[in-house]
Structures are given as C-alpha cells and as structure tokens.
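Novice: I would like to see how this sequence folds:
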Amino acid sequence: MKRTGFWIVCVLVLLLSCAGCSSFMNQGRYIDFTKVETPPDRSDVNADSHALRVAISSVLLPQETVVHSRAIANFLGRQLDRPVILIQRKSYAEIALLLLNGGADIAFFSSGEYANYSGFPEIEMLAGQQRMGLPYHQGYVVVAKDSDIQEIADLKGKTVAFTDPLSFSGYTILVHMLKQINQTPETFFARYIYTYSHDKSLLAVANQVVDAAPVTKLVYDRALQKHPEVAAAVRIIAVSPPAGTGPVVAGKSISPRQREILRRALLTMHEFANMRPALQGLSIDRFVPAQPELYEPIRQMLRESRGRL
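Specialist: Below is the predicted model:
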C-alpha cells in the first residue's frame, strides 16, 4: 500500500514521543529485532550443524519475553543433548519460510501462521498451548475509549493498525468482518499499517495514533493484569470466534524419534518447577497435545476472505 512505510515510521516516532504516557506505554517503543537477538546467517548455522535452531517471532514485546523464550528453547535443546540457536524474525512469513527452507528445526508459530502453512508436508505440529485453561483464543477489535466508533461499519475512512498479514487475531478477523459487509481494507480504510507486534498495535490505539486495531485477547488480558492504564484507554467493539492458540511445529530436519522426544518434553514441561517462570512469563499454562481441528475456523475465514480477490 502506498506510503505504508511512512506511516509505520510515524507510529513508531509517536509511540516514542507520546507525552504523558504511562510507564508501559513508554516501553512500547520500536524494537529492532536484529539488536535483541542477532539471527545467524546460514554460514553460522552450518558451522554448528548439531545445534537445535529454534525460530520465534514475538506476539508480545521482545524485551519482555526473550528471556523466557530462550529458557524454553534451552530446555528443548537439553532433551536432545544439543546446543541451541535462538533465531528471531520480525514477520510470521519469515519464520515460516525459514522452517520450510531448512534454516530452522522447530518454530513457535502463531495460529494464523499455522493455518496458512499447515498444508505443507514439511511442517508437523508438535503441541499446542493452553492459556487461561483453554487451548484456543480469540481476537478483539479495539478502539480508543472515548472514540465515537461503535461497530465495524464505523471504521469507514479510519486508520487501522494490523499486526501481521498472517496473523489470525491481528489481521484475518478484521478482514473477514469487512468481507461480511462487502468491503476490503484497501477500499474501506483511509490507511492501514503493520506493527508486527500485538502490544504495539494496542499501544497505537491507546495513544490514539490510529483509530482501531485487531489484537489477540492474550495481549488485552495481559494489559488488564499488568498495565491497567493501557486497557482502560481502549474499548472492544468486536470479538472473533475462538480458534487454536499458536502451536510449536517441527521442520523436515527433525527425525521422527526427535519429534517424539520434543513432543514429550513440551507436554511435560509444566511439571518442572524451574520451567514454570518461563511459561508464566509467556502467559502459557502448559503445552497440550496437537489438535489441528482447532485451526479450521481460521482456514474457513481465509477461504471466505480470499474469495473476495
């Protein structure tokens, strides 16, 4: 979309300079993923072919989660007696393609990412996530608390922050809602941007940088618990149907035996006291057996939404 890059810069600058923001809002500044965790190039990876390469993209702000992600990755590496390389990328597509092209061994997918790529035989779901007692989640469309926007139709001519083009709760749900009123993002919104973080999308609405954003219930609930001033600054105008949470998936480089070891490690991780802080830090109760059928609602949305093209 024209000028998308310009408006992304605007959002990030405004998030940095927002006067009177709460401490959490000030933490919502732009994160350079290459500085948080420098991803190895292929020569680095090949130099230690024994390492377990774990790929992640961050639903939550990286500075709040990278320690916990690394702890889980190291735990899995110990089960295989392999060192670990933690690889971060900004977008879901980058993570998926890295796995498909052999640049990673396992990956933590988003639910929308899995729904888009689960048809590839190279990708196998090892486990899902249980959050707040449930193996599924929902997406919310949020607007500023004092906004006059009451429903999706009121977003005509407004500005929107999407999370990622492959995100279920941060993209697909709103595109699907537009489909129901025979509209598309290109024709309905004044402009839209991608933040590549649900936290940043929520902050963009709370700071009134954009008019609305679809976000995962996880981020909204975390704001309620940890940063109530952010949750208080937004209002929910639409809720998506439930769908499976983001799964852990294995690529073709992981043997059947190793997949079983990793699957067992994931399903029992919550039983280890030293791993509970990492799980809690990522708002994960525990990992649960794979249930691919939980992602069918997303696939159905994708089929219907793509039918508009």
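
Novice: so which helix or strand takes in residue 72?
Specialist: helix 62-79 (DSSP states H and E).

Novice: all strands of the stretch 151-300 of the chain, in order?
Specialist: 159-162, 191-194, 212-216, 234-239, 243-244, 248-250, 286-288 (DSSP state E, counting those that start in this stretch).

Novice: among those, which is the most enclosed?
Specialist: Highest mean neighbour count of those: strand 212-216, a mean of 29 (counted as mean count of other C-beta atoms under 10 Å). Glycine gets a C-beta too; all of them are placed from N, C-alpha and C.

Novice: what packs against that strand?
Specialist: strand 139-144, strand 159-162, helix 198-206 (3 or more C-beta pairs under 8 Å, 6 or more residues apart in numbering; DSSP states H and E).

Novice: now for the ones you listed, which one comes closest to residue 73?
Specialist: Of all the helices and strands packed on strand 212-216, helix 198-206 sits nearest to residue 73, with 21.0 Å by C-beta to C-beta.

Novice: Using PDB, list the CA coordinates for that closest one.
Specialist: C-alpha atoms of helix 198-206 as PDB (Å, rounded to 0.1, in the frame of the first residue of the first chain):
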ATOM      1  CA  HIS A 198       0.100  -7.100  19.200                       C
ATOM      2  CA  ASP A 199       1.500  -4.900  22.000                       C
ATOM      3  CA  LYS A 200       2.400  -2.100  19.600                       C
ATOM      4  CA  SER A 201      -1.000  -2.300  17.900                       C
ATOM      5  CA  LEU A 202      -2.700  -2.000  21.300                       C
ATOM      6  CA  LEU A 203      -0.500   0.900  22.300                       C
ATOM      7  CA  ALA A 204      -1.100   2.600  19.000                       C
ATOM      8  CA  VAL A 205      -4.800   2.700  19.700                       C
ATOM      9  CA  ALA A 206      -4.300   3.600  23.400                       C
END
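
Novice: For the helix or strand hosting residue 130, what is the distance to the chain centroid?
Specialist: Secondary structure assignment for residue 130, by DSSP H and E: strand 124-130. Distance, stretch centre to chain centre, for strand 124-130: 15 Å (C-alpha atoms, centre = their mean, to the nearest Å).

Novice: Then stretch 190-208?
Specialist: Distance, centroid of stretch 190-208 to centroid of chain: 13 Å (C-alpha atoms, centre = their mean).

Novice: mind checking pLDDT for the closest residue in space to residue 144 that isn't next to it in sequence?
Specialist: Counting by C-beta to C-beta, 6 or more residues apart in numbering, residue 144 lies nearest to residue 208, which is 5.2 Å off, once chain neighbours are set aside. Residue 208 carries a pLDDT value of 97.

Novice: How about residue 135?
Specialist: 93.

Novice: how about it, what does it touch?
Specialist: By C-beta atoms under 8 Å, 6 or more residues apart in numbering, the contact set of residue 135 is 128, 129, 244, 245, 288, 291, 294.

Novice: shouldn't residue 159 be in contact with residue 208?
Specialist: No - counting by C-beta atoms under 8 Å, residue 159 stays clear of residue 208, with 10.1 Å between them.

Novice: returning to that earlier point: settle this for me: the residue nearest to residue 144 is touching residue 142, isn't it.
Specialist: No - using C-beta under 8 Å, residue 208 is not in contact with residue 142; the gap is 11.8 Å.

Novice: Thank you, goodbye.
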